[in-house]
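Colleague: let me see the structure of the following:
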Amino acid sequence: MEVTLAQLVQMAPELGALLRDDVRHGRLPATRKRGVAGRPYVLRTEDLESAGRPEYRELAEALNRTPEMAMTRTKRSVAAASYGMRSEGSELFDIVESQHMMLKDLVQVLTEEMRGRYDRIDRQQMQMQELSYKLGQAHQEIARLERLLAERSFARVDEAK
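Modeller: The predicted structure is shown next:
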């Protein structure tokens, strides 16, 4: 049976971050659904059962016990439309929900990008501080060498007299 990642997170919010992380890193096989706003991840319950985590197996068993909950949104909408139960409000809700998921993904990507930029800026600041310190040391060394050179020059001038 196929189920979307959002539905899995809705059923088990405590596993949401773990599920998303495993899907994004390829530890849990999933496909992106084409033709749907936001292109949600679609997983198979068989893959959840064979994932090797007991939490995933329990979730897959719960999905198999409640097939109506696991029915994908499009299947529910087709079933509701075929029975004449589909209303404009639920269509609007589906659109708003998919827009919400798209915005949520966008905010997450932007947050990660900003975090990366701040890390780069922090590293550059540390490098600038190190270079500034080294430059100060080099200026002190130049001043010391100039004093040494001046002392020797004056010593030779005094010897020449």
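
Colleague: the residue nearest to Arg27 when sequence neighbours are not counted: how many residues sit nearby?
Modeller: For Arg27, the nearest residue in space outside its immediate sequence neighbours is Ala51; the separation is 7.6 Å by Cβ to Cβ, 6 or more residues apart in numbering. Glycine gets a C-beta too; all of them are placed from N, C-alpha and C. As a burial measure, the neighbour count of Ala51 was computed by other Cβ atoms under 10 Å and equals 19.

Colleague: from the rest of the structure, what touches the helix or strand containing Glu58?
Modeller: Taking DSSP states H and E as the criterion, the element that holds Glu58 is helix 54-65. Under the criterion Cβ atoms under 8 Å, 6 or more residues apart in numbering, residues 1, 3, 8, 11-12, 15, 18, 28, 45-46, 48-49, 51, 69-70 lie in contact with helix 54-65.

Colleague: taking these, tell me the two that lie furthest apart.
Modeller: Largest separation among those by Cβ to Cβ: Met1 and Leu18, giving 20.5 Å.
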